[in-house]
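Novice: Provided below for reference: sequence and predicted model.
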Amino acid sequence: MKMDAGFVMFQRVLVLSASVGAGHVRAAQAVERAFIRLNAAREIRNIDTLQYTNKLFQRLYSNAYIELVDKAPEVLGWLYDRLDKPWQNERRRLVFDKLNTRRFVKMLRDYDPEITVCTHFLPAEIISWLKAKNRLSTRQTIVITDFDVHAMWLCHHYEHYFVALDETRVHLEQLGIPSDKITVSGIPIDPIFAEQKDKLSMRRKHNLDTSRPTLLLSAGGFGVGPVELLLQSLVKVRTKLQVVAVCGKNENLKIRLLDFSRQLPRGCPVRVVPIGYTTEMDEYMSAADLVLGKPGGLTTSEALAKGLGFVIVNPIRGQEERNADHLLEEGAAIRCNSLPVLAYKIDKLLENPKRLAVMQNNARRLGRPRAAFALVEKILSL
């Protein structure tokens, strides 16, 4: 690390994620972009930890997760609760992870970063073990990418934690993490979400109807979940509505939704606009009034930064249930537990502009569009 006239710049920064869902990777990308914009590192590498593990481990960690989200979310929720035992399962888990991350360990020791920023608990756990054995001298920072903290994020050897909420800070303190090693930064999202963009201009740019209330339907970065079932329920609304359905990397889903939109009967109040993977999510969110879907940490943080009310449907038991609780408690969301009444709940909300405005204002209050910058600035001060 170099200090020059009050300016601090790291020589080698390593940002580490794991491609288990899209959120951890997006958070890492946000941190990387903030480092670059602040000119805070001479060299920065952003690495998916799973690329330095064996193929079987990759499938277990990534593909199995997506399969469970799509086909057995109740199993995923059970595992989440079963493993949420602070300081109890770490040794057993570490033995398994160490066997499968030897290439990752070699990369760490070869690169020898001054500081690491982990947006997933897998690399954080390995680095903590290496620091305990004096095999790595990096300073480790850990970014929790949901609103609550799970036991798997807990490490013994670290320099700093970054969390989304004051409540999460208190939770960590009660688990023994010193308060001076915790910063409530918000979850890091792409710095572009801090830019104000006009709603009507964004609708015109993306060929959207400028007069209809616009709902962004998020299927997540991998395009999984009961999207067609949601749309079948949504088309029963009375209010003229525009639904932008984000299919992520699932091209097959996008094709199916295009067919679905073409088959809507004449006079249907809903216009469905499917889009695939996009790097302009900030513009689609700027064009929207509401977001509907699963409250993952990154999607939720992006929506809050843009002041969108959230309609929660089918959250995964575990982290998404907990994220949902925070949104409902703060008045930034409604929740639909039964798809047959989804259209009714959307109509009720859109027929009450004051209620929708309150939700949107609460979302803006909770939003931290500059979280990535706040995180990097704090790292520079450590």
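Specialist: Looks like it arrived, so ask away. Only a predicted model underlies this, so the values are computations on that prediction, with no experimental measurement involved.

Novice: C-alpha only now, for contacts and for neighbours.
Specialist: Noted.

Novice: From residue 104, how far off is residue 49?
Specialist: Distance of residue 49 to residue 104, given as Cα to Cα, to the nearest Å: 7 Å.

Novice: same question, residue 237
Specialist: Taking Cα to Cα, one finds residue 237 at 51 Å from residue 104.

Novice: which of these two has more neighbours?
Specialist: residue 104 (22 against 19; other Cα atoms under 10 Å).

Novice: List the contacts of the helix or strand containing the more buried one.
Specialist: Using DSSP states H and E, residue 104 sits in helix 102-111. For helix 102-111, contacts defined as Cα atoms under 8 Å, 6 or more residues apart in numbering pick out 49, 52-53, 126, 135-136.

Novice: 7 Å instead?
Specialist: 49, 52-53, 136 (Cα atoms under 7 Å, 6 or more residues apart in numbering).

Novice: Now rank those residues by neighbours and give me the top one.
Specialist: residue 49 (21 neighbours).

Novice: mind listing what the most centrally placed residue in the chain touches?
Specialist: The chain has residue 298 as the residue nearest its centroid, 2.0 Å off, counting by Cα atoms, centre = their mean. Residue 298 makes contacts with 23, 189, as judged by Cα under 7 Å, 6+ apart.

Novice: quick one: pLDDT of it?
Specialist: pLDDT, residue 298: 93.

Novice: which stretch of helix or strand covers it?
Specialist: Judged by DSSP H and E, residue 298 forms part of helix 297-305.

Novice: Could you report the neighbour count for residue 60?
Specialist: There are 12 residues near residue 60, going by other Cα under 10 Å.

Novice: Surely it is in a strand?
Specialist: No. The assignment for residue 60, made by DSSP: H, G, I helix; E, B strand; the rest coil, is helix rather than a strand.

Novice: ok, then the element right after the helix holding residue 104?
Specialist: For helix 102-111, the following helix or strand on the C-terminal side (DSSP H and E) is strand 115-118.

Novice: Now do whichever helix or strand comes after that following strand: distance to the chain's middle.
Specialist: Downstream of strand 115-118, the next assigned helix or strand under DSSP H and E is helix 121-132. Mean C-alpha position of helix 121-132 versus that of the full chain (Cα atoms, centre = their mean, to the nearest Å) differs by 22 Å.

Novice: Report how many residues lie close to the closest residue to residue 332 other than its chain neighbours.
Specialist: Spatially, and ignoring its direct neighbours in sequence, residue 332 is nearest to residue 359 (4.5 Å; Cα to Cα, 6 or more residues apart in numbering). Residues lying near residue 359 (other Cα under 10 Å) number 25.

Novice: low-confidence ranges in the stretch 201-350 of the chain?
Specialist: 219-226 (pLDDT under 70).

Novice: hmm, back to that, what angle separates the helix holding residue 104 from helix 121-132?
Specialist: Inter-element angle recorded for helix 102-111 and helix 121-132: 60 degrees (by axes from the mean of the first three to the mean of the last three Cα atoms, to 10 degrees).

Novice: Return the set of buried residues in helix 102-111.
Specialist: When burial is assessed from 16 or more other Cα atoms under 10 Å, helix 102-111 yields the following buried residues: 104-105, 108.

Novice: try stretch 76-83
Specialist: Buried residues in stretch 76-83 (16+ other Cα under 10 Å): 76-77, 80.

Novice: okay, that stretch in CSV with CA atoms only?
Specialist: Extracted in CSV, the C-alpha atoms of stretch 76-83 (Å, rounded to 0.1, in the frame of the first residue of the first chain):
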residue,chain,number,x,y,z
LEU,A,76,-32.7,-25.1,0.4
GLY,A,77,-34.6,-23.4,3.2
TRP,A,78,-34.1,-26.4,5.4
LEU,A,79,-30.4,-26.4,4.8
TYR,A,80,-30.2,-22.7,5.5
ASP,A,81,-31.8,-23.1,8.9
ARG,A,82,-29.9,-26.3,9.7
LEU,A,83,-26.5,-24.7,9.0
